[in-house]
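Colleague: sequence and predicted structure are below.
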Amino acid sequence: DYCIADEQTPAAELARAMDWACGNGADCSVLKLNQRCYLPNTVVAHASYAFNSYYQNMKHKGGSCYFRGAALLSALDPSKKHFSTY
């Protein structure tokens with residue numbers, strides 16, 4: 001499963017949740033300018049990457065895919081939608 005941003009969540013909430021994920025186990029270095037997952041430069045795309053990175057890194061330690069309702073689990077690989085390389 002993949003943890004992705006709920007596109008119905010307001011951008012400000014996604015940004016807050018993404019900041020939390022990036023500071024608590026997600027590897028967000030690839031989201032910076034000129035890095036491989038910077039484009040598309042949207043809150044939804046970046047949040048989806050951050051949420052999934054956190055979830056994959058932390059689920060074995062009790063990490064979840066909730067982010068105060070800003071995320072959801074999906075069987076579909078988000079890299080096929082948002083990123084050229086994941």
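Modeller: Looks like it arrived, so ask away.
Colleague: partner residues bridging Y2?
Modeller: Y2 forms beta bridges with S74, as assigned by DSSP bridges.
Colleague: what is the burial count for it?
Modeller: 19 (other Cβ atoms under 10 Å). Quick note: C-beta positions are derived from backbone N, CA and C, even for glycine.
Colleague: A12 now?
Modeller: By other Cβ under 10 Å, the residues close to A12 number 9.
Colleague: how far away is it from A70?
Modeller: 10 Å (Cβ to Cβ, to the nearest Å).
Colleague: G63 too?
Modeller: The spacing between G63 and A70, counted by Cβ to Cβ, is 14 Å.
Colleague: of those two, who's got more company?
Modeller: A70 (22 against 17).
Colleague: pLDDT score for that one?
Modeller: In this model, A70 is scored at 97, pLDDT.
Colleague: what residues are up against it?
Modeller: By Cβ atoms under 8 Å, 6 or more residues apart in numbering, the contact list for A70 reads 5-6, 9, 13-14, 17, 47, 51.
Colleague: can you tell me how far it is from D19?
Modeller: The gap separating A70 from D19 is 11 Å, by Cβ to Cβ.
Colleague: for A47, same thing?
Modeller: Plainly put, A47 is 10 Å away from D19 if you go by Cβ to Cβ.
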